[in-house]
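[1] can't give you the sequence, but here's the structure:
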């Protein structure tokens with residue numbers, strides 16, 4: 001998982017499918033740096049380094065190479081499928097992946113625009129199950145995703161299945177779930193501040209802060225909140241570019257906190273179990289958050305009553 005070496009997947013001889021009418025369907029970390037595109041005539045989605053990357057192109061090229069290397073090593077129904085990693089004639093790298101319809105953040109934005117209100121509890125729980133399955137597999141593979149948010153979750157066929165994507169800032173884990181700092185490998189957590197766990201945000205102030213796979217669990221809890229509140233967690237701006245990057249002048253002391261829920265939901269029994277799971281995953285003490293495996297055990301019981 002080194003950022004300084006070129007993964008073998010770059011040697012792929014796969015050809016990019018003809019895509020005459022590309023459409024943006026999602027956003028990775030750094031909107032405007034990566035374009036995630038698809039075409040109805042192609043079975044693949046293409047993640048391409050934007051021409052706007054400028055002087056930082058090498059940095060984002062390394063990130064895309066890392067994502068390709070990680071994806072190529074994974075095989076799970078709730079993680080976006082790897083297809084190939086190639087170069088365009090203009091030299092830009094392209095990560096070819098399984099195609100999904102749209103990102104969860106796009107669906108959230110649509111509900112806001114159409115004034116549809118929060119997602120039904122059963123839809124939220126479906127995403128909760130699928131992404132918990134992805135995290136269980138990922139963490140057992142000793143990988144920290146490092147940037148769980150609605151923009152990195154893709155949805156197919158009206159919530160038939162949800163899949164985790166964007167592994168460009170993932171990090172290796174030790175067997176005990178803590179960050180594995182390997183010489184020559186990037187070991188700093190990047191993520192997106194609005195979704196980041198408190199121990200991640202405090203790492204500069206507290207050198208002894210421990211980052212574990214529970215950082216993903218906190219962010220996972222905030223995704224459940226997003227589907228109920230239809231907003232960006234821990235930030236005061238409206239839905240705009242900051243929704244995807246997490247970068248805004250409005251970010252404040254709310255970062256790393258458990259955001260309040262809409263009052264009409266807290267008294268709605270249909271959402272009680274979703275709220276319970278959200279609160280369980282967003283406790284400040286990372287040792288008290290459940291693992292992905294524990295979440296699935298909890299959900300298996302809860303979903304019987306939804």
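    It's in. A quick note: this is a predicted structure, and the numbers were derived from the prediction, not measured.

[2] Tell me the buried residues in the longest helix along the chain?
    Counting by DSSP state H, the longest helix found in the chain is helix 121-140. Counting neighbours by 16 or more other Cβ atoms under 10 Å, one finds that the buried residues in helix 121-140 are 121, 123-139. In short, each C-beta sits where N, CA and C put it, glycine included.

[3] elements contacting that helix?
    Packing partners of helix 121-140 (3 or more Cβ pairs under 8 Å, 6 or more residues apart in numbering; DSSP states H and E): strand 153-156, strand 161-164, helix 214-229, helix 272-281, helix 292-302.

[4] tilt between it and helix 292-302?
    Angle between the axes of helix 121-140 and helix 292-302 is 150 degrees (criterion: axes from the mean of the first three to the mean of the last three Cα atoms, to 10 degrees).

[5] Now do helix 121-140 and helix 272-281, the angle between them.
    Helix 121-140 and helix 272-281 are oriented at 30 degrees to each other (the same axes, to 10 degrees).

[6] what is the mean pLDDT for the very next helix or strand once past helix 121-140?
    For helix 121-140, the following helix or strand on the C-terminal side (DSSP states H and E) is strand 143-144. Regarding strand 143-144, the rounded mean pLDDT is 94.

[7] What of stretch 117-128?
    96.

[8] what's the spacing between that stretch and its chain's center?
    17 Å (Cα atoms, centre = their mean, to the nearest Å).

[9] in this protein, which helix or strand is least confident?
    strand 23-26 (a mean of 34; mean pLDDT, DSSP states H and E).

[10] All the strands of the stretch 1-150 of the chain, residue numbers only.
    23-26, 34-38, 44-49, 82-87, 93-98, 102-103, 143-144 (DSSP state E, counting those that start in this stretch).

[11] The last one - contacts with which helices or strands?
    In terms of contacts (3+ Cβ pairs under 8 Å, 6+ apart), strand 143-144 is packed against strand 171-172.
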